[in-house]
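# My questions concern the predicted model and sequence given below.
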Amino acid sequence: MTQDNSSQDKAAGQMGGGDLFNTVAGWVLFAAGLGLGLSILSGKYFHGDKPERPEQLGYVIEGAVEESAGPAEMTMAEALNTMPAAELIAAGEKAYSKCQSCHTIDAGGANGIGPNLGGVMGGPVASKAGFAYSAELKALGGNWDWDRMNDWLKNPKAYVSGTKMSFAGLSKIEDRAALAMYLNSKGANLPVPAFVAEAAAAAPAEGEAPAEGEAAAPADGAAPAEAAPAAPAP
Ligand code: HEC
């Protein structure tokens, strides 16, 4: 009798343990399966492991490259202050070899394919006697200054569409600054714009400020919303 009872208890105990184990194992398997299934599914739809845009584009978009290089580029004022004036003028004289085929630089020099450039910096645009300027350059008006020369030398056709100057432009701000400095030494000797390092450091921060402001705005807006449901709770 007692033996029978104990063996029944044993069997019941074992069975109970087995059921519990099976149930737990079943849930664990189920959870693992669910997790795997979800990660496969989300992988299919979101490509979390693959960037959508390749780091290096197989093709180059001229304008886009120029623009993306823009923010990293120095300002004209900064570029004009990277080295002593005399060194920058010397660098500009070298870079001027790219212009020589069409221009003369000394005051009163002859016009060639392009007009003489003596006194051009600081002087009125398109003002050399005897040179047949394009109507578009003549229409620009005003005087050549640092910023205008920078834009012109970067891409003449973008700055004055319809210009007769068949020159692609200088993509590096350093080259444009050096050339402007050289032209200026043969021109009006305009003062070099001051460049204060702190001002430049503050400039990008100012550029970012609106982004921070935008980011701050929704946060501010969210704060009262969070506070509102919290208030009635207690
Ligand atoms: C292929 C010939 C050619 C080359 C190279 C060239 N230019 Fe010119 N440049 C011209 C012509 C032509 C004009 C007149 C443009 C017009 O009338 O639209 C001109 C006009 C200018 C002007 C305006 C002159 C004024 O009187 O207002 C400047 C400044 C100038 N060039 C600077 C340069 C510099 C600096 C370089 C070298 C980086 C250069 N150019 C290379 C042909 C050239």
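Perfect, I can see it now. Computed from a prediction, not measured in an experiment: that's the story for all the values here.
# What helix or strand is residue 24 located in?
Applying DSSP states H and E as the criterion places residue 24 in helix 2-46.
# what's the average pLDDT for that helix?
For helix 2-46, the mean pLDDT works out to 61.
# By average pLDDT, which secondary structure element in this structure comes out worst?
helix 197-230 (a mean of 49; mean pLDDT, DSSP states H and E).
# Would you map out the domains in the chain?
21-46, 73-185 (automatic domain parsing).
# mind checking which of the ones you listed is nearest the ligand?
Among the domains of the chain, the nearest to the ligand by Cβ to the nearest ligand atom is domain 73-185 (2.7 Å). All C-beta atoms are positioned from the backbone trio N, CA, C, and that covers glycine.
# any residue of that closest one up close to the ligand?
Yes. With Cβ under 6 Å from any ligand atom as the measure, domain 73-185 is seen reaching the ligand through 98-99, 101-103, 113-115, 117, 120, 125-128, 133-134, 137, 153, 163-167, 170, 179.
# Now do the end-to-end distance for that domain.
Terminal residues of domain 73-185 lie 24 Å apart, using Cα to Cα, to the nearest Å.
# Ok, stretch 149-166 next?
Separation of the first and last residues of stretch 149-166 by Cα to Cα is 16 Å.
# Using neighbour counts, pick out the buried residues of it.
149-156, 159-160, 163-165 (16 or more other Cβ atoms under 10 Å).
# next one: stretch 174-193
Here stretch 174-193 shows 174-188, 190, 192 as buried, counting by 16+ other Cβ under 10 Å.
# now what about it, what contacts it?
Stretch 174-193 has contacts (Cβ atoms under 8 Å, 6 or more residues apart in numbering) with 74, 76-77, 79-82, 85, 88-89, 91-96, 99, 105-107, 117-123, 144-146, 149-150, 153-154, 170.
# mind redoing it with 7 Å?
With contacts defined as Cβ atoms under 7 Å, 6 or more residues apart in numbering, stretch 174-193 is touched by 76-77, 79-81, 85, 88-89, 91-93, 95-96, 105, 117-123, 145-146, 149-150, 153-154, 170.
# repeat for stretch 85-101
Residues contacting stretch 85-101 (Cβ under 7 Å, 6+ apart): 80, 105, 175, 177-179, 181-182, 185, 192.
# mind running it again at 6 Å?
175, 178-179, 181-182, 185 (Cβ atoms under 6 Å, 6 or more residues apart in numbering).
# try stretch 126-133
Here stretch 126-133 makes contact (Cβ under 6 Å, 6+ apart) with 111, 115-116, 137-138.
# rounded to a whole number, what's the mean pLDDT of it?
pLDDT averaged over stretch 126-133 gives 97.
# Just the buried residues of it, please?
Buried-residue list, stretch 126-133, by 16+ other Cβ under 10 Å: 126, 128, 133.
# Turn these into a markdown table, columns for secondary structure.
Formatted as a markdown table, these follow (DSSP: H, G, I helix; E, B strand; the rest coil):
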| residue | secondary structure |
| --- | --- |
| 126 | coil |
| 128 | coil |
| 133 | coil |
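# Can you tell me which of those is closest to residue 196?
The closest of the buried residues of stretch 126-133 to residue 196 turns out to be residue 126 (Cβ to Cβ; 33.9 Å).
# Which members of the contacts of stretch 126-133 are the farthest-apart pair?
Farthest pair in the contacts of stretch 126-133, by Cβ to Cβ: 116 and 138, 16.2 Å.
# The two: who's more crowded?
Each of residue 116 and residue 138 has its neighbours counted (other Cβ atoms under 10 Å); residue 116 has more, 20 against 13.
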